[in-house]
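Colleague: build me a model:
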Amino acid sequence: MDSHKHTILVPTDFTVIADYAAEHAVKFSKLLKKDITLLHIIKKDMDFQEAEKQIVAQADALFQKHGIRPQTIVREGSIFSAIGEVANELNAEVVIMGTHGRKGFQKFTGMWALKVIVKAKAPFLVVHDYPQSNLIERIVFTIDFKKENMEKIRWATLIADLFKSKVYLFKSTSKVNFLGFIRFNDKGFLRNIFSNTKNAEKYLRNNNISYEIVQAPSSNRNFAEETIDFSKRINADLILITTTKSIDISDYILGASEQLIIDNEAKIPVLCINPRPTRVGSFSASGG
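Modeller: Prediction:
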């Protein structure tokens, strides 16, 4: 599998949504100069040859349309573990995955998507629709009290540099809505938000990335809801979030904000960063 190293991995179930993910992969493939690998997961005792036939047909169709021939893998297992396993084996640069919405196939959205995402070291780009443009002009970068914000800013910088994007640093309000409880002016939260904002601003400025700081309105609404509304208002092309480090039954609550953003009705692509130390794909994570 060495030929797949640092590939763009696209899980496919041969649906239209999977085709959308492949189209997004083509856009990134051309800029990153990375290969694409299509991955189909089959259950035990399913017809391997039929799956192989379908995935090769999908790869051929992409080659005919874009001149890029993806490599293909058919793997037996569960989508909730096998996608992450393959991504780690290949040292995938990024995984681009389609989601079918709240009423979609296998309910593959929100919590279920997170269960897949956290199994891999690579970031996941979750998409809902055909790419509206070859550009990514406006990136919404959420800033809250979490310490993993710097891992997000490295990826925001890399993408903004590739696409000449503007990054919107969307700051959480001092009134923190967390798990249904509202806390006002908590000094620890405020200190972390301030520090994360300053660090992100410095990193972007040092890397010559255009940015703007925007304060979320002070309201009783969840920060995730405010993020989605702001992203819709500016017609954002991408939202960046970090994922919950481990997903178990308790994280049905703890991952609620992530699920809400992934499921956004505006169908804005969401780049989910799995917190990892020092390294971002095959890129340098230093500087700034």
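Colleague: ok, now which ones touch the residue lying closest to S78 once chain neighbours are set aside?
Modeller: Leaving out its chain neighbours, the residue that sits closest to S78 by Cβ to Cβ, 6 or more residues apart in numbering is I41, at 7.2 Å. No exception for glycine: its C-beta is placed from N, CA and C like everyone else's. For I41, the contacting residues are 11, 75-79, 82-83, by Cβ atoms under 8 Å, 6 or more residues apart in numbering.
Colleague: can you tell me how far I41 is from V116?
Modeller: 10 Å (Cβ to Cβ, to the nearest Å).
Colleague: outline the domain layout of this structure.
Modeller: 2-127, 138-259 (automatic domain parsing).
Colleague: least confident of those, on average?
Modeller: Looking at those, the lowest mean pLDDT belongs to domain 138-259 (a mean of 81).
Colleague: how far off centre is that one?
Modeller: How far domain 138-259 lies from its chain's middle: 14 Å, per Cα atoms, centre = their mean, to the nearest Å.
Colleague: what kind of secondary structure is the residue nearest to S78 in?
Modeller: The local conformation at I41, judged by DSSP: H, G, I helix; E, B strand; the rest coil, is strand.
Colleague: please tell me how far it sits from V86.
Modeller: Taken as Cβ to Cβ, the span from I41 to V86 is 9 Å.
Colleague: intersection of neighbour lists for the two?
Modeller: Common neighbours of I41 and V86, using Cβ under 8 Å, 6+ apart, are R75.
Colleague: sorry, back to before: any of the contacts of I41 buried? List them.
Modeller: Among the contacts of I41, those classed as buried by 16 or more other Cβ atoms under 10 Å are 11, 75, 79, 82-83.
Colleague: the closest residue in space to S231 that isn't next to it in sequence: what's it in contact with?
Modeller: Spatially, and ignoring its direct neighbours in sequence, S231 is nearest to V140 (4.7 Å; Cβ to Cβ, 6+ apart). Counting by Cβ under 8 Å, 6+ apart, V140 touches 168, 170, 227, 230-231, 234, 236, 238-240.
Colleague: a markdown table for those residues, including neighbour count and distance to T197?
Modeller: What follows is the contacts of V140, written out as a markdown table (neighbours: other Cβ atoms under 10 Å; distance: Cβ to Cβ, whole Å):
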| residue | neighbour count | distance to T197 |
| --- | --- | --- |
| Y168 | 22 | 12 |
| F170 | 24 | 10 |
| T227 | 25 | 15 |
| F230 | 18 | 16 |
| S231 | 24 | 18 |
| I234 | 15 | 18 |
| A236 | 24 | 19 |
| L238 | 23 | 19 |
| I239 | 27 | 17 |
| L240 | 23 | 15 |
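Colleague: mind listing which of the residues you listed are in strands?
Modeller: 168, 170, 238-240 (DSSP state E).
Colleague: which two among those are spaced furthest apart?
Modeller: Farthest apart among those by Cβ to Cβ are F170 and L238. That separation is 12.4 Å.
Colleague: can you give me the distance of A51 to G77?
Modeller: Distance check for A51 against G77: by Cβ to Cβ, it reads 12 Å.
Colleague: show me where the stretch 101-250 of the chain has strands.
Modeller: Secondary structure of the stretch 101-250 of the chain by DSSP state E, counting those that start in this stretch: the strands cover 124-127, 138-143, 166-171, 175-178, 181-184, 210-215, 238-242.
Colleague: would you turn those into CSV with distance to Q71?
Modeller: Below are the strands of the stretch 101-250 of the chain laid out as CSV (distance: least, Cβ to Cβ, whole Å):
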stretch, distance to Q71
strand 124-127, 19
strand 138-143, 29
strand 166-171, 33
strand 175-178, 43
strand 181-184, 48
strand 210-215, 36
strand 238-242, 26
